[in-house]
Every structure is written in structure tokens, then in C-alpha cells.
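Asker: no sequence on hand, only this structure:
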């Protein structure tokens, strides 16, 4: 993810995580690109996401963000959460602007997915 962010000159790396481990492993390489860790709340582990947010605060270059349940939309797919998290980073946090490249990292059915996303207008 770090190398991809360097190659495409990404403005942000966004991870979806339940434990924060993925974001911490990326942050270990000290990328110049800021990392946003979207902490996913699981129904059977209430309060765990808030613990992950608190733990993420001590990691250099990592911006923890608690998932808004509305981001899941009707489908509940990680792609939907990723899209809404990027829009939140653009509109509310001001971390990116339309046209910026973002590297997204998450899991689908146990497989790691890395993709380059252009921030929509």
C-alpha cells in the first residue's frame, strides 16, 4: 500500500479495519502519505471499534475514524463504507479534494484488496 501510494502520488491511504492491525502495519513503514483508519463496529463486539480508535491515536501518521453506521448503506459492502469514508474525508475533514488519488485497503471474504480510487467531484 505504501509503495502504491508513492507511485500514484496518493493524497491518502484509507483502511477499513476491525482491529486496527492493517493500519498499524502500513504505518510501520512511515509513509509520507497520511493514513485514515476507518474502524468498523461489529454487532457482536460492541465498543471494540472505540477501543481501536483510542489505540490508533498513539500511532504516528494514523488518523482513526469511527465508522458511521449510515455508511454501510443498504448493501453493507465494504466498498460502500469505503466510498462514504472517502466522501467524509473530502467534505468534513478536508483531507482530500476532488481528483486526488487515494489508496484503499480492506478485506472481502478474507482476501486483502488494494485499490486506487480517484476522489469524486
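Answerer: Now that the structure is in, tell me what you want to look at. The shown structure was predicted, so the numbers you read here are calculated from the model rather than taken from an experiment. Numbering: from 1, shown residues only.
Asker: from here on, contacts and neighbour counts on C-alpha atoms
Answerer: Fine.
Asker: helix or strand with the lowest mean pLDDT in the protein?
Answerer: Ranked by mean pLDDT, DSSP states H and E, the weakest helix or strand in the chain is helix 48-56, scoring a mean of 87.
Asker: helices or strands up against it?
Answerer: Other elements packing on helix 48-56 under the criterion 3 or more Cα pairs under 8 Å, 6 or more residues apart in numbering; DSSP states H and E are strand 34-39, strand 62-66.
Asker: partners of the longest one, with directions?
Answerer: Looking back up the chat, that one is strand 34-39. Strand pairing for strand 34-39, using DSSP bridges, gives strand 12-17 (parallel), strand 62-66 (parallel).
Asker: can you name the next helix or strand after the longest helix belonging to the chain?
Answerer: Criterion DSSP state H: the longest helix present in the chain is helix 78-88. Downstream of helix 78-88, the next assigned helix or strand under DSSP states H and E is strand 101-108.
Asker: buried sites along that next one?
Answerer: Neighbour counts over strand 101-108 (16 or more other Cα atoms under 10 Å) mark 101, 102, 103, 104, 105, 106 as buried.
Asker: do the same with stretch 37-45
Answerer: Applying 16+ other Cα under 10 Å to stretch 37-45 flags 37, 38, 39, 40, 41 as buried.
Asker: would you turn those residues into JSON lines with pLDDT and distance to residue 91?
Answerer: Shown next, in JSON lines, are the buried residues of stretch 37-45 (pLDDT from 0 to 100; distance: Cα to Cα, whole Å):
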{"residue": "37", "pLDDT": "94", "distance to residue 91": "17"}
{"residue": "38", "pLDDT": "93", "distance to residue 91": "16"}
{"residue": "39", "pLDDT": "90", "distance to residue 91": "19"}
{"residue": "40", "pLDDT": "87", "distance to residue 91": "20"}
{"residue": "41", "pLDDT": "81", "distance to residue 91": "22"}
